[in-house]
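**Student:** Structure of the sequence below:
(chains A and B)
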Amino acid sequence: DTAVSQTPKYLVTQMGNDKSIKCEQNLGHDTMYWYKQDSKKFLKIMFSYNNKELIINETVPNRFSPKSPDKAHLNLHINSLELGDSAVYFCASSQDVRGGDEQFFGPGTRLTVL
Amino acid sequence: AQKITQTQPGMFVQEKEAVTLDCTYDTSDQSYGLFWYKQPSSGEMIFLIYQGSYDEQNATEGRYSLNFQKARKSANLVISASQLGDSAMYFCAMRVKYGKLTFGQGTILTVHP
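**Tutor:** Predicted coordinates for the structure are as follows:
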């Protein structure tokens, strides 16, 4: 059973389009995250939700809008895609925001904007 | 602000030897956690080991150990008996408030047969 799953795995689209990436975790965790890994492999937090509430928004352009319909899902919608949005997007989850439990990462979604 | 620094862009090691990957961190928080993740060429992020700021013992997980030196703010990863499958990118990360991880730049480890 996949702990954290993301769809799609690959996404190729044109500049200006709107796209969504879905994330689901079956671990019963309270907290979910979105990270972006750029072409230089640098990983940076974008958003974090705890029990469906936004707790971290790291100065991400408002073209990016996360949505958490329930604790097990955290989707990422991106409007008006730009070339610079090309990256690998990772969803992750952890039991909660405290403590030393690991964050489980999804397989990543490679977004290419043409 | 939190910062993680990995000063080794690339490291090479012979199979069966030990290797140390360096990580230094900076935070004003007293409570924090330090993590190491492995990212093979296939792209997934694999959790390796965790060290809490109040843990007195260095963390160990199989062939992985974390050399935690709090006064020096370092959290180096030691991989013993390297295997070819250890070739990957390794990320050091720190967690303070709200669970978010701050990552270092990563170190590419290549294991030679």
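**Student:** give me phi/psi at the nearest residue to A:K52 once chain neighbours are set aside?
**Tutor:** Leaving out its chain neighbours, the residue that sits closest to A:K52 by C-beta to C-beta, 6 or more residues apart in numbering or on different chains is A:S68, at 4.6 Å. For the C-beta atoms, the positions are set from N, CA and C on the backbone; glycine is no exception. As for A:S68, its main-chain torsions (degrees, to the nearest 10) stand at phi -120, psi 90.
**Student:** So what's the residue count around A:S68?
**Tutor:** Residues near A:S68, counting by other C-beta atoms under 10 Å in any protein chain shown, number 18.
**Student:** quick one, what contacts it?
**Tutor:** By C-beta atoms under 8 Å, 6 or more residues apart in numbering or on different chains, the contact list for A:S68 reads A:M32, A:Y49, A:K52, A:E53, A:L54, A:L74, A:N75.
**Student:** Quick check: PyMOL command selecting the buried ones in the residues you listed.
**Tutor:** Buried residues within those, by 16 or more other C-beta atoms under 10 Å in any protein chain shown, are selected in PyMOL with:
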select buried, chain A and resi 32+49+74+75
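**Student:** farthest pair in the contacts of A:S68?
**Tutor:** The most widely separated members of these are A:E53 and A:N75, with 15.1 Å between them, by C-beta to C-beta.
**Student:** Stretch B:79-98 - what's its average pLDDT?
**Tutor:** Stretch B:79-98 shows a mean pLDDT of 94.
**Student:** CA atoms of that stretch as CSV?
**Tutor:** Taking Å, rounded to 0.1, in the frame of the first residue of the first chain, the C-alpha atoms of stretch B:79-98 are listed here in CSV:
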residue,chain,number,x,y,z
ILE,B,79,27.5,5.6,6.5
SER,B,80,29.4,2.5,7.4
ALA,B,81,30.3,-0.3,4.9
SER,B,82,29.2,1.6,1.8
GLN,B,83,27.3,-0.3,-0.8
LEU,B,84,26.8,0.5,-4.5
GLY,B,85,23.2,1.2,-3.8
ASP,B,86,24.2,4.0,-1.5
SER,B,87,25.0,6.1,-4.5
ALA,B,88,22.5,8.9,-4.4
MET,B,89,21.9,12.5,-3.3
TYR,B,90,21.8,13.0,0.5
PHE,B,91,19.9,15.9,2.1
CYS,B,92,20.3,17.1,5.7
ALA,B,93,17.2,18.9,7.0
MET,B,94,16.0,20.6,10.2
ARG,B,95,12.6,21.0,11.6
VAL,B,96,11.6,23.7,14.1
LYS,B,97,8.2,25.2,14.2
TYR,B,98,5.0,23.9,12.6
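**Student:** Report all helices and strands that the helix or strand where B:T110 lies contacts.
**Tutor:** Using DSSP states H and E, B:T110 sits in strand B:107-112. With contacts taken as 3 or more C-beta pairs under 8 Å, 6 or more residues apart in numbering or on different chains; DSSP states H and E, strand B:107-112 sits against strand B:10-14, strand B:19-21, strand B:88-95.
**Student:** looking at the ones you listed, which is closest to A:D85?
**Tutor:** strand B:88-95 (21.8 Å).
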